[in-house]
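Visitor: make a model of this:
(one chain, ligands or ions: 1)
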Amino acid sequence: MPGTGCSEPDNNGGMEERLTRITFYGAAGQVTGSMHLLEAAGARILLDAGLFQGRRSETRSLNANLPVDPRRIDAVILSHAHIDHSGRLPLLVNRGFHGPIFATPATRDLTAVMLPDAAHIQQKDAEFCNRRREYRRSIGRDDLECEPLYLPEDAERTYPLFRPVELGEAKEVAPGLRYKTYEAGHMLGATSMVIEADGVRLAFSGDVGRKHLPILRDPVSPDPVDYLIMESTYGDRFHKPVSNVAEKLADVVNRTAGRGGRLIVPSFAVGRTQQLVMVLHQLMDAHRIPSIPIFVDSPLAVNATEVFRKHPELFDAETNKFLSAGDDPFGFSRLRYIRDVNESKALNSLHGPFLVIAASGMCEAGRILHHLRNNIEDSRNTVLITGFQAENTLGRKILNGDREVPIFGEPMQLRAEVVRLDELSGHADQGELIEWMRPLAARLKRVFLVHGEPAQGAALAEVIRKEFHIDVQQPSRGHSFLLN
Ligand SMILES: [Zn+2]
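Guide: Residues are numbered from 1 along each chain as shown. Okay, the predicted model is just below:
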């Protein structure tokens, strides 16, 4: 039985009142779609409500079919603003959720710019899907009309539900159910958390970051708990030290500029982009890279950067040094932020080396696709990959060095140099995850590994068992466990 080390789902649903149970509905055996249902103290609380991302046909139905009735959810606790953690909030609202959403003020402010953007992408996706449907109909095949998962109005209706909770403040989410957050060091406003109810202490890591990342403060481990839900994105990897970032970035910029090429940098608009900007700012100030134009080509990144400027209380000491010197960490003379789509297109006719940062980070949508189409067949150019690339994404194909990659449905020859800069990863590696969990492991009964592909989770599970001699589970979707 669950609770004694077996991983079978628990269907003992008769004892509703005092039942403390966790059910994994997303980021279970995969990286995206983070959503866990905690039933405790008589309340039903969702930890995260993230969007599944990846191959269109599969993710469409995964996202559309909510595993819970939103009208029966009492509250949502959001670990951070990334879309794979927050992107189904508007869908919950669309289908009747009207409870509070607890998150840090920075997470609330970031979701306020990210969710409308996600809604816009949903609309574009549906349009694209319907154009393909037109084609399929023209050759005698038919299938259902595609609808966006939700609309910008749903995203707007999500914002008033937020109940901002300061980092470290203990908060009662429902009678008898309290939670407290800890700096996760993963993105601005991101938290880990401990939830206490029915005499059980449960920690949810959210996404755990790394020490010394630009802008962010270092992750903080919670105090000991009974159960831990922990991410495992890089459960079998060891990253190189963050201190390599500046040198590696300088090398690739110098090498590409030296051959007259362009640097195309797919990046998450929120977080990674601001970190890259800050490191490039430092490198240019120190004359370690040539004074080439740098573009942040993403309206979302522009909006998100404004949110960053609003929350200096979350910056690390290095970034605060910029501020106290009266300098803007996110602005310098060679840097231009681009909102306008025509300006974005004009980049293609620009001569000489330049660097462009654009979303999406996994090259699945957005302006980065145009930059890739226009540049990857030229061997002078470089594609600089700075973030995690999920299976089946264009970013993963580029990273794998596939000689031919599809862009807008067309096969393109990948001749540009591909450079991977893992050091800026917002996710702890195996050793860092083990160190992060050490302070909370004293009386741990069980660890649930989420947010990782199965091989990553399996590798990490083995190390945890060896190191701490405790039970580790890798739940699959729909899997429930009693907590006692
Ligand atoms: Zn994240």
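
Visitor: and this structure, which of its residues are near the ion?
Guide: Within the chain, the positions near the ion by CB under 5 Å from the ion are 82, 207. Using the backbone N, CA and C atoms, a C-beta is placed for each residue, glycine as well.

Visitor: just list what the longest helix along the chain packs against, helices and strands only.
Guide: Ranked by residue count, the top helix of the chain under DSSP state H comes out as helix 105-138. Other elements packing on helix 105-138 under the criterion 3 or more CB pairs under 8 Å, 6 or more residues apart in numbering; DSSP states H and E are helix 83-86, helix 89-94, helix 152-158, strand 162-164, helix 299-310.

Visitor: ok, and for it, which residues are buried?
Guide: By 16 or more other CB atoms under 10 Å, the buried positions in helix 105-138 come out as 105-123, 125-126, 129, 133.

Visitor: where does the residue in the stretch 201-350 of the chain positioned nearest to the ion land in three-state SS?
Guide: For the stretch 201-350 of the chain and the ion, the shortest gap (CB to the ion) falls at residue 207, measuring 3.7 Å. Three-state assignment for residue 207 (DSSP: H, G, I helix; E, B strand; the rest coil): coil.

Visitor: can you check residue 182 too?
Guide: Going by three-state DSSP, the secondary structure assigned to residue 182 is strand.

Visitor: looks like it contacts residue 218 (just checking).
Guide: No: no contact is recorded between residue 182 and residue 218 when judged using CB atoms under 8 Å, the distance being 11.0 Å.

Visitor: tell me which residue lies nearest the centroid of the chain.
Guide: With distances taken as CA atoms, centre = their mean, the residue of the chain nearest its centroid is residue 82 (4.1 Å).

Visitor: not counting its neighbours along the chain, what's nearest that one?
Guide: Excluding its sequence neighbours, the residue lying closest to residue 82 (CB to CB, 6 or more residues apart in numbering) is residue 187, at 6.4 Å.

Visitor: these two touch, right, residue 145 and residue 131?
Guide: No: in this structure residue 145 lies outside contact range of residue 131 using CB under 8 Å: 11.6 Å.

Visitor: in TSV, list the helices and strands packed on helix 105-138 along with mean pLDDT and mean neighbour count.
Guide: Below are the helices and strands packed on helix 105-138 laid out as TSV (pLDDT from 0 to 100; neighbours: other CB atoms under 10 Å):
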stretch	mean pLDDT	mean neighbour count
helix 83-86	95	26
helix 89-94	98	26
helix 152-158	97	20
strand 162-164	98	17
helix 299-310	94	20
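
Visitor: which one of these lies closest to residue 405?
Guide: Closest to residue 405 of those is helix 83-86 (CB to CB; 22.8 Å).

Visitor: and that closest one, what does it pack against?
Guide: Partner elements for helix 83-86 (3+ CB pairs under 8 Å, 6+ apart): helix 105-138.

Visitor: check the offset of the helix it packs on from the chain's centre.
Guide: 17 Å (CA atoms, centre = their mean, to the nearest Å).

Visitor: quick one, strands of the stretch 151-300 of the chain?
Guide: 162-164, 171-174, 177-183, 191-197, 200-204, 227-231, 263-266, 294-297 (DSSP state E, counting those that start in this stretch).

Visitor: which one of those strands lies closest to residue 345?
Guide: Proximity to residue 345 (CB to CB) singles out strand 294-297 among the strands of the stretch 151-300 of the chain, at 10.0 Å.

Visitor: who has more neighbours, residue 182 and residue 218?
Guide: residue 182 (20 against 13; other CB atoms under 10 Å).

Visitor: what about this structure, any weak spots by pLDDT?
Guide: 1-19 (pLDDT under 70).

Visitor: look up the residues forming beta bridges with residue 203.
Guide: Partner residues in beta bridges with residue 203, using DSSP bridges, are residue 194, residue 228.

Visitor: residue of the stretch 51-200 of the chain closest to the ion, please.
Guide: residue 82 (3.5 Å).
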